[in-house]
Structures are given as structure tokens and as C-alpha cells.
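>>> need coordinates for the below:
(chains A, B, C and D, ligands or ions: 4)
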Amino acid sequence: MTDTYAPLSLHVPEPGCRPGDTPDFSDFEIPRAGDVKRPPEDVDPDDIRDMAFSIVRVLNKNGEAVGDWAGALTPDELRTGLRNMIKLRTFDARMQTAQRQGKTSFYMQHLGEEAVSCAFAGALKPGDMNFPTYRQAGLLLSTDYPMLTMMNQIYSNAEDPLHGRQLPIMYSSKENGFFTISGNLGTQFLQSVGWAMASAISGDTKVATGWIGDGSTAESDFHAAMVFASTYKAPVVLNIVNNQWAISTFQGIARGGVGTFAARGHGFGIASIRVDGNDYLAVHAVAKWATERARRGLGPTLIEHVTYRAGGHSTSDDPSAYRSGDEAAAWPLGDPIERLKTHLITIGEWSEERHTQAEAEILDEVVSTQKKAEAVGTLGDGKAPSPRDMFEGVYETMPSHLIRQRQEAGY
Amino acid sequence: MTDTYAPLSLHVPEPGCRPGDTPDFSDFEIPRAGDVKRPPEDVDPDDIRDMAFSIVRVLNKNGEAVGDWAGALTPDELRTGLRNMIKLRTFDARMQTAQRQGKTSFYMQHLGEEAVSCAFAGALKPGDMNFPTYRQAGLLLSTDYPMLTMMNQIYSNAEDPLHGRQLPIMYSSKENGFFTISGNLGTQFLQSVGWAMASAISGDTKVATGWIGDGSTAESDFHAAMVFASTYKAPVVLNIVNNQWAISTFQGIARGGVGTFAARGHGFGIASIRVDGNDYLAVHAVAKWATERARRGLGPTLIEHVTYRAGGHSTSDDPSAYRSGDEAAAWPLGDPIERLKTHLITIGEWSEERHTQAEAEILDEVVSTQKKAEAVGTLGDGKAPSPRDMFEGVYETMPSHLIRQRQEAGY
Amino acid sequence: MAKMTMIEAIRDAHDVAMAEDERVIVYGEDVGFFGGVFRVTAGLQEKYGQSRCFDAPINESGIVGTAIGMAAYGLKPVIEIQFADYVYPAFDQIVSEAARLRHRSNGDFTCPLVIRMPTGGGIFGGQTHSQSPEAIFTHVSGLKVLIPSNPADAKGLFLSAVADPDPVIFLEPKRLYNGPFDGHHDKPLQSWKKHELGEVPDGNNAIEIGKANITREGNDVTVLAYGTMVYVAEAAAEETGVDAEVIDLRSLLPLDLDTIKASVQKTGRCVIVHEATRTSGFGAELMSLVQETCFYHLEAPMIRVTGWDTPYPHAQEWEYFPGPARVGEALKKVMED
Amino acid sequence: MAKMTMIEAIRDAHDVAMAEDERVIVYGEDVGFFGGVFRVTAGLQEKYGQSRCFDAPINESGIVGTAIGMAAYGLKPVIEIQFADYVYPAFDQIVSEAARLRHRSNGDFTCPLVIRMPTGGGIFGGQTHSQSPEAIFTHVSGLKVLIPSNPADAKGLFLSAVADPDPVIFLEPKRLYNGPFDGHHDKPLQSWKKHELGEVPDGNNAIEIGKANITREGNDVTVLAYGTMVYVAEAAAEETGVDAEVIDLRSLLPLDLDTIKASVQKTGRCVIVHEATRTSGFGAELMSLVQETCFYHLEAPMIRVTGWDTPYPHAQEWEYFPGPARVGEALKKVMED
Ligand SMILES: Cc1ncc(C[n+]2csc(CCOP(=O)(O)OP(=O)(O)O)c2C)c(N)n1
Ligand SMILES: Cc1ncc(C[n+]2csc(CCOP(=O)(O)OP(=O)(O)O)c2C)c(N)n1
Ligand SMILES: [Mg+2]
Ligand SMILES: [Mg+2]
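Ligands and ions are numbered 1, 2, ... in the order given. The predicted model follows:
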């Protein structure tokens, strides 16, 4: 030890690559598919701490499903998954364009992350409740919820079930287990824990899932969720979607040091796992494992889905201002649709022709649904929900001061 | 896997022992003194993850200082430490009684936890800044800050440096590195990180310490502090004082599962250590190690001080309503004053007689100081700060609306 | 009818609500085994079990956030924030979530939730155990804000709050928890135990939300008050001899504007009293509503008697607190104007 | 003098402040490399380095809490909350800490801190990109609350905020960031780029905090407005032909009551306009102050024109937003009363 010290300086983390740089993911450690073993659901969380520093992967480079997390899904289920992901991507592309055309105010897409929400959806049972962020529409689109209704919401038109009150994509469907989305980050991650506690209090067997982005793990409600989930062993699956970027800031700004997001669970004794978020089979298998733990009263699980946000943050930003345009292509975990497609072809259950045909069918469905929605109306075309709707639903029964204001407003 | 599930139920953690029960700390794993090795200050936090699950201890059962954390303090320094702890305990006892006598509104004591703040104080350098809670007055009392001023503050009398504005014990002394205490839990733990960032931004060599209780780690600002400290590698030492209890709730309500509070650092890659909070030498050694890391730009350290709150939470509560009265005596890490005393006697640097004499001297000092303070005034005896003081200092310059209100109030 | 302190009345109300509806779940810091730092929930865990009344970690956002999830599930959580001064960490969950859930999901999800908190000063609690944050909640569309001034109202309003389908902020004036109910609160070190108790009806005496209560009839000036200030206003009226009509608002949002209007249109004068800091306090809204609806009836400028625009002090508590003397002066002044 | 948008003016103000005083530190979400989602801080990191302008984790309490620590150290942090709608998680740090640091430590520690945030609606941002939370900050003793309405004021007030020894909430009306400055904001999908810019003085044009600005002189009615509403009020006056005096408050706390009083005592009538929800909005405080100080001069009831007491809607934005038509009606009504 010395008594003279050098002046301190502030350490500000920087991503490996900025616009103009060549992306380099060589530091990113990726275990081989099949390497991470599947523990029993009732494992002691202490005994699987290493899983927070590795990555569960099922699909290998050749498109084969390997290891003991494989084998949970039938070819039919896999094809449904593939179709759901294509649908989500197609839907996104059309809606993104519709926003550019001025048909609505705002849009957010899932490009590159489709597996996370689509594969997870298959692990749930009716009555379970998801508390998604704006980037898990696959949880809704994979159910029987009408795509037309989603578009009506996006257009804030006369058939928008939310009556024009909410920003586009802030869907809500209790029936389909999709909690009303909030624009405030992290709040709902915590609410999912409360919902799960309520299920336990009520002697129910339903489970909740919470969702949060890598950047949003920094929010305080992330911590509150961990505290409550661990204290009461709530039947909840807490999902971090680590798509490497918040808006313009990379995950190092939220993560700090050398930890992983999954390792945040260790201080709470929560079972914590990282999974290849672009591997439909791996996400599904881990989701099944974790929901099963929850449903059997074995406590919460924290899952970090490792994926990549291939598009912009939303229609309001241009990622080329803060990251290299080549980064998406260099992302080592590939594209989720391509990978599942290859797997299905490899096992003889799919073909390039069927894929092309499926894409065309889905595009048709999306386009024709879009036409129907636009016939009802788009934002600002005058066929909007009534201004009266703005006053309704603030309370179950409208109090007199709101009635007076509504009258003053002339509706 | 089965498709029928048993009804879920809510898990509510319970302490091992409630009023009437016999305390049982047999589950509490305590390593032997000297067992935990001292890593170099520039150790990779990843390589010492096990330290978050063990406890650094220096004093063994026989009162000897053992292992490689020992040897940092001279007998003189140890005697000063002992005197500081006795002073704090004596001060507390007198002030607690003064509150019972109606001389002030409120008091909080340190009984059983004196080593934590007194031993830590010795590891700091002038200019460093502590962000204490209400239970680290040892950080102030161990400096040259006048005890009389502390009493004046407690009595909200005419010489209270805070002019009667603050609750008793909410001291403030910039000069003595003691940040103004807040009644809101957790807020200051976070502020310490900002102060440390400022030191780094300014190319300074000062470090900050943050303090929080076990119960308060549940607060969201705990998380915010970890996020910012790890992201910017702030020169800060973050201290959790785990005294086993919040108010009526035991640490299991805040901790959940099987983790330790120290392990909260792992998700952030923060160096995390547990220390025997009732071992003056261990606390001092760990504090030295952590402040040295901070001062050399090696990043933050999270320390969990394992101790026991032997008294009530504050003068407002009666712990016998929620825990066994025998728990304090059963606490396996003993009493910090007794342990340091025994050590000094063991190494031939202290004796029962000197101890008794020291206690008497200190009591004299405290009593005579108390008389002086009471001569100035106690709460409600009419010799209070002026009501005018309430209007001053809201802003540097009093705005006109406050001047008007002050005039309206008649001051 | 039984004689009770306000604490006992609210405890009794919990008991009634929990017995009637097993969806009512009670939690908060120290609320379970110990029964709360003010003992409001004492005995409930023992009676209803740990999954209906339990201790929460010290994270106010966590308490409110989980309660929102529970309410969305279909339970009726009743949560305690230990002091109103500690509600701010939960502010986002209350404002951005609880208050808007019904509206933004068009009723798909709702939030029947009661957030209780001891409020106000008068116990030498300093700046972190004395605040009155009611005004900021009244600025949030989607919330209801109640504040009882006596044990019977506390029970009755609590029961309505639990039955309400929307989130309710339930403010409990801690200076009234054990009395006194006489407006002379400035006896700081006197025991709380010696004051008269309130008559509280047995069973479910739910009191409709949004109805004010005229606690003292008068013809010369209307005093708008709530919580502890109701007694201060009454004491001031007695002491000054001004023929004041004292209205205990009980519900700030929704507000019983009809009762206020009728009274001010009768008296032509109005004094508004609250403990919170003045600027943008709820008194501002009250004064605005009265000027908007009673302008032509007003004979003198209305006056606000409030806490000062400073942090709540410790030693200067009774100079900060709007006591009978200050309210009395306002009554005299408004009569002279 | 240069022609600038409000964004450019605030950016320029940062540049001046950072060049003058190396204690000025700028950070927030996306504020560093990218220069902020509205690009207010673009170029500052490049110019002043990473330790004076940097990206923060997404934790608003963390941003404010660390800034308080920095201010206590002796720096002058200027932080951005990405949208005012996201300030609630930081509310505790602002209310319980920043605002009270000086008072509770008797000046031992102080908090010179600027908290910037885009505020207000008009960009189809729905309920989480449109709110106007100014009123709740004005209820907090120890804070100052500023809101400019044009590029020159934005720069001048910002520089005073940075120089101020106490915490300042600096609200930036995002509907004015790039214009228009003509009161006709209800053209949602029109590009922001095409509007006239403002003249902004070079260098340090600090504008004293607490001084309102009469942007339109008139004799018949006083309109109190701030931010975007200043232009709405002016447009309404033009269109109705009512001889209205429009006061741009610029500083809500401290407030320029003298200017307000002088105007209302001249006109005898007052209309108050803001975007925030009505109940307990800042309009209530303004109306109360006017009634307290100008009672005998008032010839008609004052009127508030505000956002409605609902969450901020998406599709119904222009029915919610108090546009020139609604303000015009109020002007006509107050003249008839
Ligand atoms: C409380 C709050 N603060 C800030 C924002 C603005 N914001 C919206 S999305 C976003 C980035 C979130 O990044 P991440 O959590 O990684 O999610 P992703 O978009 O990558 O899915 C930010 C800062 C917000 N919506 N809410
Ligand atoms: C934000 C906030 N919530 C609640 C409280 C009330 N409160 C004061 S101390 C305390 C318990 C704290 O326990 P712990 O952190 O373990 O500290 P200890 O008292 O044991 O040192 C509580 C709940 C508070 N002061 N601030
Ligand atoms: Mg992300
Ligand atoms: Mg404790």
C-alpha cells in the first residue's frame, strides 16, 4: 500500500463497436448447443449458479436439436412456431411501413427477437398471465387473438378496443393472458409478481410471467420484483430480454462490471438461467421448465434471453447514429426464423418451397387484414373513437366533476 | 411432469424464533476466525464470489487476532477504538433515558453494533464522505466532532446546529465527513455513489461510503446504487449493516430464498464481502481493504456487516412484542466491546481495572457534557431555536412568497 | 355502537371487510406479525392467516406494484404505507399504473386497491413523519382520495374504500389516531391515551364516498377543512365566537362541491384550512372551485390557513401547524374584510 | 444573435455553461454518445469528454440520486429525464432529498442541480409522452420550477438555472422544441422542421428567475399561461379580438406575483391556461393567488382552461389539448360575465 494515490477518473463503459467500426463479438462466450444440462425442476437454485453464466442452447450449427433440453416439441408444433414468427415479422414490416405512411403515430418491431415471445407462448396454459413489454407481441399473436383487432388498436380507429386511449401496440387482452402494456419501463415486471402472489394466495394453479428489457433491468422495479418474488416464492417466471441495446445505449450501461443479468438472481436465491433467445427450441424448453417450477410451487425463475435487436428501437430512432449497421449481420446467434426453418428442413419436416409458400400465405393474410383495418380507419383520418371515450373509464362510475368537464368539452 | 397440480399457496418467511421461543442460531454458519483469506486489493471480483457466502473474522474465541486480515492496528489504535465504542454505548444509554424523561422526542441507539461504525471510521482519510443511516453515529463520534453539539442537536435546543429543523440524531457535518442523515431509507446509499462519481470526475482521491440496513436493502435505491456504482466503477464502499432485524421483521423478509445480502453484488460484478460486524479488527481490516480498492480506482466494494441489533428499533418500539428477549444473548458473534476488551487483555494491553476506569471516565465526560447541553435547553422547554429558523434556508435567498409567509406568521 | 379510538375503528373495519370478503388481503411493512407500527392491523394475521395478512419487504413501490398485480388478478388488496412521507418511492406505480389501469385497458383490467397511510403532523415526527401529501394525489385522474376525521367515519369510509372498484388513497390523520378530538393538539408530550373515544357502529356502516359532513352549522363564514383541521376549525370558531359553518370534506376526490357551494352561497365568506404546505396545496383547488362557482356570493376574499412553504420542522412544530389561534385570526379577518 | 429552434438554444446554453464552468456535468438516458432522444445534448460528449457528458442507466431515481451526491460534492449536475412522464420514479429523491438538503443540514450541504425534462403534449405521444406534471413540483418547498416558451428564454433561463445554488426543475415544452410558435399545434403529422426559428443572443444571456414576461399587452382580460399555452393564448386573443394581456409566467416557483397583480388589477378579468389536468393543477394556485390579492378588482369569475381530468389520450389528443378555440371561448365568456 502506498500513501500517494493517482487522481481518480470516471469509467464510462463503451460498446465494442460504434458506427464505422467493424463489429467484433469474439469476446462473447457461446457454449456449444447441448452443453448445458437440464436440471430437475426441483433443483436447489444454489446448485445451478453456473447456469447464470452459461447459455442453454438446443439447435446446433447444422440445425440439429441436441442435448437434454431437446425433444419437447412435435414437428407440427415447430411448424406452428415457425408460422407464428413469420407472421410476427410480416405484421411488423407492414405496420412499420404504415407508420411511415402517416397512418399512425408510432410503431415498435421485434426484428430478430421473434423466437423469444413466440416460443415462450407455447409453454403457457390458459389462464396464465403475461406482463409483457412493448416487444413481446408474439405472446398475443401466437394465441387466437384477432390480428385485425391488433391493427385496429395500432390505428386508433373506431374499432380499437382501447378506444384510442393508448399509443399503438399497447395492447390489452385479459382473455388471452396479455396484460395491458405500460409505457413506463419496469412497472409491470413487478406487477407480474403481485399477480403470481395472488394466484398463490387464492390456491390457484396459474402462473404469471414478467418481461423486461436489458436496459430496463436498471429500473428500480426490477429490484422490487426480485425482492418480492424471492421473499414469497411467487409462482412467476421473470424474463429479461437482453437484446444488447436499450435505445442508443448498449447493455454494458445497465449491466456494469462483469456480471450477467441472470446473475442478479443469486443474491436472492432465485433460480437463474441464460438461454439462446434466437433458438426457438431452447426458449421453449427453458420456458416449460420455469413455468413448471412455478406451477408446482417451487418458486420463481429468472431467465435471461440472449438475443439481438436487429431493427431500430422504435419508429422514432435511427440506429445507424449509434451503432454499426453491420452489427446485426455479425450477431453470432443468427436469425431465429432461419434457424428454426433450417432445423425443420434438416429433420425432413419442411422445405424451401413450403417456406416460400407459407411466407406468401401469411403475407396475404396480413395484407388483407390490414385492408380491413384501414377500411375502419387510420389515425387522424377522422374516423376515430369519440372524444367522449376519453372521459369514460377513468373510474367505473363517472364522478360529477368529470361529467361537468365532459359537458364543458361538448361531448 | 404431471398435468394436475396442487393448489399453490403463499410462502411467508418466518424468523426462527418469536416471543416465547428459545433462540436457535444453529443454522447460522460461522467460519472460524482467520479462515477467510485476504485477497489483494486488485483481485478480480469474479474470483472472490465465495467471500459473499462466508464471513471474514479476525478475533477467535480466545480473543486472539488470527489470519491474514489481522495485524493492521496498533495497541494504541485498538484502545482508541475500545474507548470510542464505550463512548457510543454510554452516550446512547444517556440519550435513550433522556428521551424517556421527555427531554426530546425520539432516539435510536446502536447497542450491539458499535464496532461497525467505530471500526470503519478508522479506515477513512480526511475529506472522505460517509452517507450514514441513523445507526452509524460512531462515524461521527470517533472524529473530533463535539459530543456537546450532538446533544444540542438531539435536544433541538438553541445551539442545535440544525436549528431545530431535524429529528434527533439526524446529524450533519460536512467537515467531519458525515452527510446529513435522511429519514427516508435507502436514498443516501445511492447519493454516496454520486458523490464518489463526482470525486472521480474531478480527478480527486477521496472516496465515499454508503450505508444501509438489512431491511432497507429491499428499497429500490439500493438497486440504483449498485447499478450506478458498477457501471461507472465509482470509488465507493457500499455497506450493508445486517443486524438481523428491520423493525419487527427479520432479515428473511428482505433477503428471500437462500442468497446473502453480499451476493447481491454478483449480478453487477461488484467485489462483495461479508464480515463479522462484532469484530472490531475484522471490520477495520475489511474497511481498509475496500477503501483502498476505491481510492486506487479499482471500483466499488459491497460489504455485509453481520451483526445484531441488541436494543429496540427506536424509542418508539418494544422488541419483546415480536422477538424473543433471549435472542440478543444467544447471538453467536458476541458483543463487540467485550470482544475487543478481551483481545486487548489477551495481548497484555488492557486490564479489567483499566476498563472499569475507562468506563467511569467516559461516563463522567458524557454526563458533564449532557449537563452543558441541558443547560442550553431541551425540546419543549421554551429555549428552542427561533420559529424564524424554519423559514430560513429553504433556499439560499428567501423568495418573496416565503418572506410574506414569515411575516404572516409573525416572525 | 362501541367506543373506539380511530385506530380501533380502522382495525374493526379491516376485520369486517376481511370477514365479509376473502379477497381482501392486507399487507405492508410490519403489518403482519406485529400488527403495524401504529397497531392498526394487530390481530389480523392471527385471525385470518399469513396469506391474508402479512409483512412486506421495505419497498413501497414493491408493495404498491404487487398490489396492482393482485388487484388485476381479482383480489382486493389493502396496503399500508408506514407513513405518508414514505409514499414517494411508490409514486410511479400509483400515478402511472394504478390510476390508469382501467382507462388504458378500457376496463379489461381494473385496480380495486386501498392504499392506507398515516398522514399529517402534530407528533413531533419531524420532516419524515409529518407530511400531508394529499394535494398531489388529487391531481391524479383515476384516484379517489379520502381522509376521515373521527373513528366512525374512518370505519365507514374504509369499508366504502374496500368496496370501491377503483384505487383509493386512504389518509389517516395520525394526530387523531388516539385523540384528542378537541383541536388543541399542541400538547406534544402529553399521553394520547386519556382522551374521549368515538362512537362507532357495529358491523358494516359503509359511508358513501364523496359526501362532506357539516360538523358545525353557522351563517357567517364557511370553513373548509379535513382530518385534524376539522377540530382546529371548530375550536377556533368556539374561541372567536364567529358563527362559522365547518365542513369536514371527508372525500377530497371526488369532492362534494354541492355542499360547499350551498354553504358559501349562504355565508358569503370562506376560510380554507390544511396542514400541507400552501403553494399548490389542496386549498388552492378548493379556493378555485369556490371562486368559480360562488363568485357573485363572495363578500370578502377567501383566506387559506395552511402549513408554511418549508419542510416540516421538528422543534418549531406548533409554529408550523395551523392551530386554533391562526385559524381564529383568519375567521376574524374574513369577517372584517 | 442567431436563429435557433428551442432545442438548439438549449444545446447552445449547455455549451456556454460547460465552457464557463467545468463543474457542470451533463448526463441522462441516451444523453451521451447519441446526444439525447431530442438531440438536445448532441455534440457535448465529443466536445467536453466522457466524464462531463455521459449516458446513464435507465433508472430515474438513480440519475437524480447520484446527481444529488455530485451536487453535495461540489459539482453542478445538469440531468435529463427523457420525458417528464418518467420523472415519477425519481420523485422521492427530488422531494425528500434534493429539495430539503440545504434546509435540513442548515446549509452544510446544498444541492445546485438542474433537472431538465421535456413536458407537455401535442406530439401524439399518448399517456406516457405528454404529461405536464409541473403542479406537483410547485407543491414542494425547496424547488424552483421554470418553463420557457421560446428559444431565447430557454437559453437564458437555463443559464440562470445552472447558476442557481438550489435545485431547479426545468420543463421544456416539447411541442415547441422545433416550433411552431403560432398557437396552432393541432397539425399532428406535419413536419416540425418548417417553422420560423427564434432569435437567440450569443454568449451568456442569463434571464433572472422569477420574472414573468408580458408577451401581449391588453386591457380587458389577463391571460396567465406558460410554455406552449402562451402561443395558444395569443392566437385566441387574435382570433376573438378580445383585448387580452397575455402573461408568460416563465417561472412558476418563485412566481412573479407583482406582474400578475398589476395586470389583473388593470383588466379586472383573468383566464388561466395550462395543459395539465385541471384538479389541483397549477391553475388552482394561480387562481387562488389572484383571488387573494385582487379580489376587489375582479369583475367576473376567473376561468381555467386546462387539460381534462383524464389520462392523456392518444387519438383524442386535440380534444384534450386546450387549443385556441377553447381559450377563445373562455375569453368571450369572461368578457360577458
Ligand atoms: C420510466 C421510463 N424511463 C424511460 C423510458 C424511455 N424508454 C423507452 S424504451 C427505452 C429503452 C429500453 O431498453 P430495453 O429495456 O433494453 O428494451 P428494448 O427496447 O431493447 O426491448 C427507454 C429509455 C420509459 N419508457 N420509461
Ligand atoms: C422509505 C421509508 N420507508 C419506511 C420507513 C420506516 N422505517 C424506518 S427504519 C425502518 C426499518 C429499517 O430496518 P433496517 O434497514 O434493517 O435498519 P436498522 O434499523 O436495523 O438499522 C423502517 C421500516 C422509512 N424511514 N423510510
Ligand atoms: Mg434492450
Ligand atoms: Mg436492520
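>>> distance check, the residue of chain A found nearest chain C against C:Leu75.
Per CB to the nearest CB, A:Gly194 is where chain A lies closest to chain C, at 2.5 Å. All C-beta spots, glycine's among them, are computed from the backbone N, C-alpha and C. Distance of A:Gly194 to C:Leu75, computed by CB to CB, to the nearest Å: 9 Å.
>>> before we move on, back to that, how close does the nearest residue to the residue of chain A closest to chain C once chain neighbours are set aside get to ligand 3?
For A:Gly194, ignoring the flanking residues on the chain, the nearest one in space by CB to CB, 6 or more residues apart in numbering or on different chains is C:Gly69 at 2.5 Å. C:Gly69 is 23 Å from ligand 3, where distance means CB to the ion, to the nearest Å.
>>> how about C:Gln93?
22 Å.
>>> list the contacts for the residue lying closest to that residue once chain neighbours are set aside?
Closest residue in space to C:Gln93, ignoring its immediate chain neighbours: C:Val64 at 4.2 Å, by CB to CB, 6+ apart. Applying CB atoms under 8 Å, 6 or more residues apart in numbering or on different chains to C:Val64 gives the contacts C:79, C:81, C:90, C:93-94, C:98, C:113, C:115.
>>> confidence score at C:Val64?
On pLDDT, C:Val64 comes in at 98.
>>> just to revisit the earlier point, and A:Gly194 and C:Leu75? Which one has more around it.
Per other CB atoms under 10 Å in any protein chain shown, whichever of A:Gly194 and C:Leu75 has more neighbours is A:Gly194, with 32 against 25.
>>> quick one on the thing from earlier: format the contacts of C:Val64 as JSON lines; extra columns: secondary structure.
Shown next, in JSON lines, are these (DSSP: H, G, I helix; E, B strand; the rest coil):
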{"residue": "C:Ile79", "secondary structure": "strand"}
{"residue": "C:Ile81", "secondary structure": "coil"}
{"residue": "C:Ala90", "secondary structure": "helix"}
{"residue": "C:Gln93", "secondary structure": "helix"}
{"residue": "C:Ile94", "secondary structure": "helix"}
{"residue": "C:Ala98", "secondary structure": "helix"}
{"residue": "C:Leu113", "secondary structure": "coil"}
{"residue": "C:Ile115", "secondary structure": "strand"}
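>>> the residue of the stretch 101-250 of chain C found nearest chain B: how many residues sit nearby?
Closest residue of the stretch 101-250 of chain C to chain B, CB to the nearest CB: C:Thr128 (3.0 Å). Residues contacting C:Thr128 under the criterion other CB under 10 Å number 21.
>>> hang on, the earlier thing: can you point out the helix or strand that includes the residue nearest to C:Gln93?
Using DSSP states H and E, C:Val64 falls within helix C:60-73.
>>> can you map out the strands along the chain?
Unless you meant another one, I'm taking chain A. A:129-131, A:208-213, A:236-242, A:271-276, A:301-306 (DSSP state E).
>>> you looked at the wrong chain, it should be chain C
Secondary structure of chain C by DSSP E: the strands cover C:2-4, C:24-28, C:53-55, C:76-80, C:114-119, C:144-146, C:168-173, C:198-200, C:213-216, C:221-225, C:244-248, C:251-253, C:270-277, C:303-307.
>>> kindly reformat these as JSON lines containing mean neighbour count and distance to ligand 3.
Formatted as JSON lines, these follow (neighbours: other CB atoms under 10 Å in any protein chain shown; distance: least, CB to the ion, whole Å):
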{"stretch": "strand C:2-4", "mean neighbour count": "15", "distance to ligand 3": "54"}
{"stretch": "strand C:24-28", "mean neighbour count": "25", "distance to ligand 3": "33"}
{"stretch": "strand C:53-55", "mean neighbour count": "27", "distance to ligand 3": "35"}
{"stretch": "strand C:76-80", "mean neighbour count": "26", "distance to ligand 3": "31"}
{"stretch": "strand C:114-119", "mean neighbour count": "27", "distance to ligand 3": "32"}
{"stretch": "strand C:144-146", "mean neighbour count": "27", "distance to ligand 3": "37"}
{"stretch": "strand C:168-173", "mean neighbour count": "26", "distance to ligand 3": "34"}
{"stretch": "strand C:198-200", "mean neighbour count": "20", "distance to ligand 3": "54"}
{"stretch": "strand C:213-216", "mean neighbour count": "17", "distance to ligand 3": "53"}
{"stretch": "strand C:221-225", "mean neighbour count": "30", "distance to ligand 3": "50"}
{"stretch": "strand C:244-248", "mean neighbour count": "26", "distance to ligand 3": "51"}
{"stretch": "strand C:251-253", "mean neighbour count": "27", "distance to ligand 3": "38"}
{"stretch": "strand C:270-277", "mean neighbour count": "27", "distance to ligand 3": "40"}
{"stretch": "strand C:303-307", "mean neighbour count": "24", "distance to ligand 3": "44"}
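>>> so which of those strands gets nearest D:Thr310?
Among the strands of chain C, strand C:251-253 comes nearest to D:Thr310, with 13.4 Å by CB to CB.
>>> ok, the closest one: who's next to it in the sheet?
Sheet pairing of strand C:251-253 (DSSP bridges) gives strand C:144-146 (antiparallel).
>>> how far off centre is the strand it pairs with?
Distance of strand C:144-146 from the chain centroid (CA atoms, centre = their mean, to the nearest Å) equals 8 Å.
>>> now chain C against ligand 1: closest residue?
C:Asp92 (7.2 Å; CB to the nearest ligand atom).
>>> of the strands of chain C, which approaches A:Ile362 most closely?
Of all the strands of chain C, it is strand C:76-80 that lies closest to A:Ile362, at 42.7 Å by CB to CB.
>>> direction included, what does the closest one pair up with?
When pairing is defined by DSSP bridges, strand C:76-80 lines up against strand C:24-28 (parallel), strand C:114-119 (parallel).
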